[in-house]
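Participant: Next comes the sequence, and after it the predicted model I'd like to discuss.
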Amino acid sequence: MDQSDQREHFIPFRKTDIATMCVEDGKVASVDGEPFSNFCDILQSIIHFEFHERIERLKDLYAPFDPTGDTRPLVTHSPGDRDALQKALVVELEGVLAKANYTRVSKEELNHALSEESVFRVQLHTDLDDFAELILFRRGQRRRQETIPIWGGLRKRVIDVDYFERVAIYVRFKDAPVADPAAKPSRQPTSVPGSTVLKLFQNIPRADLEMLFPNVDVRMKLTDRAMIGVPAVLGAFGILAKLGASLLVVWLVLAFWLGLTSSEPKAIDSAQLIALGLGVFTLVMYLLRQYGRFKNRKIQFMKALADNLYFKNLDNNAGVFHHLIDAAEEEECKEAVLAYVFLRAAGDGGITEAALDSAVEKWFAERWKISLDFEVDDALAKLARLGIAVERDGKWHAEPLPRALEKLDERWDHFFVFAQDRA
């Protein structure tokens with residue numbers, strides 16, 4: 001699997017691996033005799049506690065819109081309150097996705113995906129106007145080769161396919177419309193009007209983003225229709241040719257009865273009627289069989305799509321928050337650890353933000369063959385907020401490990417401060 005040239009903030013290693021990589025590469029020496037693992041443990045605990053507050057806030061904001069919720073609402077929100085909660089939910093969700101180093105799918109990317117040919121050799125159609133709001137986020141873009149059949153499966157072709165490792169989708173359905181007998185049937189029969197759906201997927205081809213939408217419609221390509229339609233039409237003409245004589249006699253009788261002709265036709269005997277009936281029955285059964293083939297072909301396409309989504313779906317609705325929060329915690333920990341380690345490695349003289357950014361990215365590129373865009377400003381902001389790094393005269397300095405552990409421990413001890421503690 002080849003990595004895409006597009007650099008992302010996402011660091012494709014686990015936080016425990018990052019700590020191990022720093023130690024084994026000599027970035028972390030035995031600093032003041034304090035184990036580096038203690039620093040990583042308390043840092044992870046602090047970040048985990050802070051994100052616990054965020055997931056509780058997300059769950060509270062999402063509860064009025066969750067179509068799969070199994071709890072009873074305590075209050076009924078007015079339309080104005082629901083709009084305010086919806087906006088707050090989107091802001092909070094986008095914040096968590098940014099912390100997890102997800103990138104929002106732009107309108108240009110989405111339009112490009114809608115116009116690209118599907119990797120699964122099916123034609124997908126979706127109507128974006130069916131949704132009141134649609135937001136897509138993706139993370140981890142990679143490219144790999146896929147073998148696809150061509151010429152009806154007689155030959156195969158190898159193509160390069162861009163995949164998104166993770167795709168998060170937020171869909172808000174429109175409110176229930178006023179009943180209109182002339183309105184077209186909804187393509188979302190299982191959706192709850194006004195509800196909000198969250199889904200998380202893995203390994204999604206960039207060209208097939210639309211297959212994630214709840215209103216996607218599978219259609220047959222022109223070549224697939226031709227493979228079924230052309231033989232069906234030719235077969236129907238063959239049957240009609242065999243019935244030609246009998247049909248001509250029937251037409252002459254009907255024309256005489258309707259006054260379209262004055263010449264009296266030849267009488268139809270019972271043998272001709274039986275032959276005509278059998279022929280018409282054969283034609284009807286043939287047409288029904290061809291229609292069944294058409295429907296079965298479409299069902300095969302839908303099954304292929306459903307099978308792919310079954311194994312690519314990671315979570316739904318409120319469960320998505322747990323995945324995203326965990327991913328955000330991982331990214332925040334990795335960035336903080338890397339920033340602290342490289343600040344300490346720079347020595348007491350400190351290092352500029354640009355130099356720190358370059359050092360981390362160069363280390364990943366040369367040592368681990370990974371091209372990424374280290375989010376240095378966010379990493380330094382975390383260290384400064386925790387009180388273990390400071391900027392002086394344009395350079396950043398990190399506290400020695402023993403002092404950093406003291407400050408982190410003090411912060412942990414004062415997460416809950418009650419009246420008796422302050423007395």
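Facilitator: Everything's here; your move.

Participant: all strands for this structure, in order.
Facilitator: Assignment of strands within the chain using DSSP state E yields the ranges 2-3, 103-104, 123-125, 131-150, 155-173, 196-205, 217-219, 313-316, 389-392, 395-398.

Participant: Those strands into TSV, with extra columns for mean neighbour count and mean pLDDT?
Facilitator: Placement of C-beta: from N, CA and C, glycine included. Below are the strands of the chain laid out as TSV (neighbours: other CB atoms under 10 Å; pLDDT from 0 to 100):
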stretch	mean neighbour count	mean pLDDT
strand 2-3	13	40
strand 103-104	16	92
strand 123-125	16	70
strand 131-150	16	82
strand 155-173	17	85
strand 196-205	21	91
strand 217-219	15	67
strand 313-316	14	92
strand 389-392	14	95
strand 395-398	20	95
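
Participant: closest to K27 out of these?
Facilitator: Checking the strands of the chain against K27 by CB to CB gives strand 395-398 as the closest, at 12.6 Å.

Participant: Tabulate the CA atom coordinates of the closest one in PDB.
Facilitator: Only the C-alpha atoms of strand 395-398 are listed here, as PDB (Å, rounded to 0.1, in the frame of the first residue of the first chain):
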ATOM      1  CA  LYS A 395      12.100  30.100  21.600                       C
ATOM      2  CA  TRP A 396      10.200  27.300  23.400                       C
ATOM      3  CA  HIS A 397      11.600  25.600  26.500                       C
ATOM      4  CA  ALA A 398      10.300  22.500  28.200                       C
END
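
Participant: residues in contact with it?
Facilitator: 339-340, 343-344, 348-353, 356, 380, 383, 388-391, 404 (CB atoms under 8 Å, 6 or more residues apart in numbering).

Participant: and if we set it to 7 Å?
Facilitator: 340, 343-344, 350-353, 356, 380, 383, 388-390 (CB atoms under 7 Å, 6 or more residues apart in numbering).

Participant: Looking at those residues, which one is closest to I159?
Facilitator: L356 (40.0 Å).

Participant: Read off the pLDDT value for that closest one.
Facilitator: Here, the pLDDT recorded for L356 equals 96.

Participant: hang on, the earlier thing: output the strands of the chain in TSV, with distance to P73 appended to each entry.
Facilitator: Putting those into TSV (distance: least, CB to CB, whole Å) gives the following:
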stretch	distance to P73
strand 2-3	46
strand 103-104	31
strand 123-125	36
strand 131-150	21
strand 155-173	18
strand 196-205	15
strand 217-219	34
strand 313-316	20
strand 389-392	45
strand 395-398	48
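
Participant: and E53, which of those strands is closest to it?
Facilitator: strand 196-205 (19.4 Å).

Participant: That closest one vs strand 155-173, what angle?
Facilitator: Here strand 196-205 points in a direction 160 degrees away from that of strand 155-173 (axes from the mean of the first three to the mean of the last three CA atoms, to 10 degrees).

Participant: Pairing partners for strand 196-205, with directions?
Facilitator: Here strand 196-205 has these sheet partners by DSSP bridges: strand 155-173 (antiparallel), strand 313-316 (antiparallel).

Participant: What lies in contact with the last one?
Facilitator: Same thing as strand 313-316. By CB under 7 Å, 6+ apart, the list of residues contacting strand 313-316 reads L198, K199, L200, F201, Q202, H323.

Participant: biggest separation within those residues, which pair?
Facilitator: Among the contacts of strand 313-316, the pair separated by the greatest distance (CB to CB) is L198 and Q202, at 14.9 Å.

Participant: just to revisit the earlier point, in PyMOL, select just the buried ones from the contacts of strand 395-398.
Facilitator: Buried members of the contacts of strand 395-398, defined by 16 or more other CB atoms under 10 Å, are picked up in PyMOL with:
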select buried, resi 340+343+344+350+351+353+356+380+383+388+389
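
Participant: Distance to A100 added to the contacts of strand 395-398, as a markdown table?
Facilitator: Below are these laid out as a markdown table (distance: CB to CB, whole Å):
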| residue | distance to A100 |
| --- | --- |
| Y340 | 20 |
| L343 | 24 |
| R344 | 26 |
| G350 | 30 |
| I351 | 27 |
| T352 | 27 |
| E353 | 22 |
| L356 | 22 |
| L380 | 19 |
| L383 | 19 |
| I388 | 23 |
| A389 | 22 |
| V390 | 27 |
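
Participant: Can you name the two of the contacts of strand 395-398 that sit furthest apart?
Facilitator: Most distant of the contacts of strand 395-398, by CB to CB, are T352 and I388, 18.1 Å apart.

Participant: Hmm, F374 is touching A359, no?
Facilitator: No: assessed by CB atoms under 7 Å, F374 is found out of contact with A359, at 9.0 Å.

Participant: As PDB, could you dump the C-alpha coordinates of stretch 321-333?
Facilitator: Taking C-alpha atoms only, stretch 321-333 is exported to PDB below (Å, rounded to 0.1, in the frame of the first residue of the first chain):
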ATOM      1  CA  PHE A 321     -18.700   9.800  19.800                       C
ATOM      2  CA  HIS A 322     -16.700   7.100  21.700                       C
ATOM      3  CA  HIS A 323     -14.700   6.300  18.600                       C
ATOM      4  CA  LEU A 324     -14.000   9.900  17.900                       C
ATOM      5  CA  ILE A 325     -13.100  10.900  21.500                       C
ATOM      6  CA  ASP A 326     -10.700   7.900  21.700                       C
ATOM      7  CA  ALA A 327      -9.100   9.000  18.500                       C
ATOM      8  CA  ALA A 328      -8.900  12.600  19.600                       C
ATOM      9  CA  GLU A 329      -7.200  11.500  22.900                       C
ATOM     10  CA  GLU A 330      -4.700   9.400  21.000                       C
ATOM     11  CA  GLU A 331      -3.800  12.300  18.700                       C
ATOM     12  CA  GLU A 332      -3.500  14.800  21.600                       C
ATOM     13  CA  CYS A 333      -1.300  12.500  23.600                       C
END
